[in-house]
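# Any chance you could fold what I've pasted below:
(4 chains)
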2 protein chains.
Amino acid sequence: MEITIDTHGEEPAYKQLADQLRAAITRGDYAPGDLLPSLKQLSGAHGIAIATVQHALQVLKDEGLIYGVSGRGTFVRRAARPPS
Amino acid sequence: MEITIDTHGEEPAYKQLADQLRAAITRGDYAPGDLLPSLKQLSGAHGIAIATVQHALQVLKDEGLIYGVSGRGTFVRRAARPPS
DNA sequence: ATGCATTTGTTCGTATGTATG
DNA sequence: GCATACATACGAACAAATGCA
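Okay, here's the model as predicted:
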């Protein structure tokens, strides 16, 4: 599935990205332990600033879905999809 | 009481500001419903960037201590000091 | 009511520090 | 040492909401 950011939409870009990344993780597009695209990749791929990407990722970090590791990247938590 | 930010300290500026504002609110320096100093005031008063002030305020918003209103300012929540 | 000033919200660009490999 | 990547910080800009004249 694809992540698309509508810069002219009503929802802020960071929220769109956070929502879509959350959906992708929940769907299993990114499995627990998986490495997410880098800030630079997300930034370049969707035409939004690194700070905005970081804002989106910060939301998911606060939710406990992902975590960042300096020098390595951003990963999906093992507890991202607790057994329903 | 005074808020002082040590730019050369080990703790990041946004965390220092968040901690000290949280303490001030908990202490009652800012009562529930009170208006906090504006971003510009906090920025100028402590010699830190507006973005850094917002980062600090975002922490307290996430904690549910304060909330912002466009065009008016940032307020202390009524539930800021739930009865222990 | 129209406009202006203030303030928050959001976004972008950039730079530096730190940690990893 | 070097490349990659996150964390922090600064500066700047525009939009939207609010209040007031």
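# Please identify the helix or strand for the residue of chain A found nearest DNA strand D.
Residue nearest to DNA strand D within chain A (C-beta to the nearest atom of the strand): residue A:68, separated by 2.9 Å. Quick note: C-beta positions are derived from backbone N, CA and C, even for glycine. Assigned by DSSP states H and E, residue A:68 falls within strand A:66-69.
# what's next to the helix or strand just after that strand, contact-wise?
Per DSSP H and E, the first helix or strand lying C-terminal to strand A:66-69 is strand A:73-76. Contact with strand A:73-76 is made by A:25, A:30-36, A:38-39, A:57, A:65-69, as judged by C-beta atoms under 8 Å, 6 or more residues apart in numbering or on different chains.
# and those residues near DNA strand C, which?
Checking the contacts of strand A:73-76 against DNA strand C by C-beta under 7 Å from any atom of the strand, the ones in range are residue A:69.
# between the contacts of strand A:73-76, which is closest to DNA strand C?
Taking these together and measuring to DNA strand C by C-beta to the nearest atom of the strand, the closest member is residue A:69, at 6.2 Å.
# distance between the ends of stretch A:5-16?
6 Å (C-alpha to C-alpha, to the nearest Å).
# in that stretch, what's buried?
A:5, A:13, A:14, A:16 (16 or more other C-beta atoms under 10 Å in any protein chain shown).
# ok, back up a step: and for the residue of chain A closest to DNA strand D, nearest residue in space, chain neighbours not counted?
residue A:74 (4.8 Å; C-beta to C-beta, 6 or more residues apart in numbering or on different chains).
# Next to DNA strand C in this structure, residues from chain A, please.
So far as C-beta under 7 Å from any atom of the strand goes, chain A lies against DNA strand C at A:7, A:12-15, A:43, A:47-52, A:55, A:69-72.
# Next step: these restricted to strands.
Among the residues of chain A next to DNA strand C, the members found in strands (DSSP state E) are residue A:69.
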